[in-house]
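Q: 3D model of this:
(one chain, ligands or ions: 1)
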Amino acid sequence: MSKKEFTDEELEQLLLSDLQELDIKCADCDKSLLKMVRSRKTEEIQELIVNCPFCGGQSWMQELVGKYYQTTPEGLILGGMDEVRPKSYKLNVEIAND
Ligand SMILES: [Zn+2]
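A: This next block holds a predicted model:
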C-alpha cells in the first residue's frame, strides 16, 4: 500500500484545520516525488529533501511549517528517512513494483 490511511482523529483535524497541500518535485527531472498535506498550523518547522528514484537527483530543500502528513504520488512508495540534522530530514521514495 502506498497511500496513507487516516484515522478518524486525523481526518477530523484535516477538516477543521487550514488545509494546505504541497507537491515536492525533483529539482532535476521535475517528477512529483511526494505530496505533503498540512493538517495543523503549529510553530513546528522541519526541513525536507526527497531523493529521486528516477534520475538519482533530489528535490530542493523544502521548509515545512506546521504538522504535515505525507502521501506518495501514484506508482511511488515511501522508503527510508534519515535525520541529517535535528528537524532536517532526507527521505527516500521508491518506484512501486506492480
Ligand atoms: Zn529526478
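
Q: Check which helices and strands the host helix or strand of Asp82 is in contact with.
A: Here Asp82, judged by DSSP states H and E, is contained in strand 76-85. Under the contact criterion of 3 or more C-beta pairs under 8 Å, 6 or more residues apart in numbering; DSSP states H and E, strand 76-85 touches strand 32-51, strand 88-95. The way it works is simple: take the backbone N, C-alpha and C, and place the C-beta from them, glycine included.

Q: Kindly recompute the last result at 6 Å.
A: strand 88-95 (3 or more C-beta pairs under 6 Å, 6 or more residues apart in numbering; DSSP states H and E).

Q: Touching the strand it packs on from outside, list them.
A: 33, 47-51, 53, 72, 76-77, 79-84 (C-beta atoms under 6 Å, 6 or more residues apart in numbering).

Q: Out of these, who's the most crowded?
A: Greatest neighbour count in the contacts of strand 88-95, by other C-beta atoms under 10 Å, goes to Val50: 30 neighbours.

Q: how close does that one get to Gly80?
A: 12 Å (C-beta to C-beta, to the nearest Å).

Q: cool, Met36 as well?
A: For Met36, the distance to Gly80 - C-beta to C-beta - is 17 Å.

Q: Over to Cys26?
A: On the measure of C-beta to C-beta, Cys26 and Gly80 end up 18 Å apart.

Q: again, but for Phe54
A: On the measure of C-beta to C-beta, Phe54 and Gly80 end up 17 Å apart.

Q: And Ile95, by the same measure?
A: Taken as C-beta to C-beta, the span from Ile95 to Gly80 is 15 Å.

Q: likewise Glu21?
A: Computed as C-beta to C-beta, the Glu21 to Gly80 distance reads 24 Å.

Q: what does the chain have sitting close to the ion?
A: Cys26, Asp28, Cys29, Cys52, Phe54, Cys55, Gly57 (C-beta under 5 Å from the ion).
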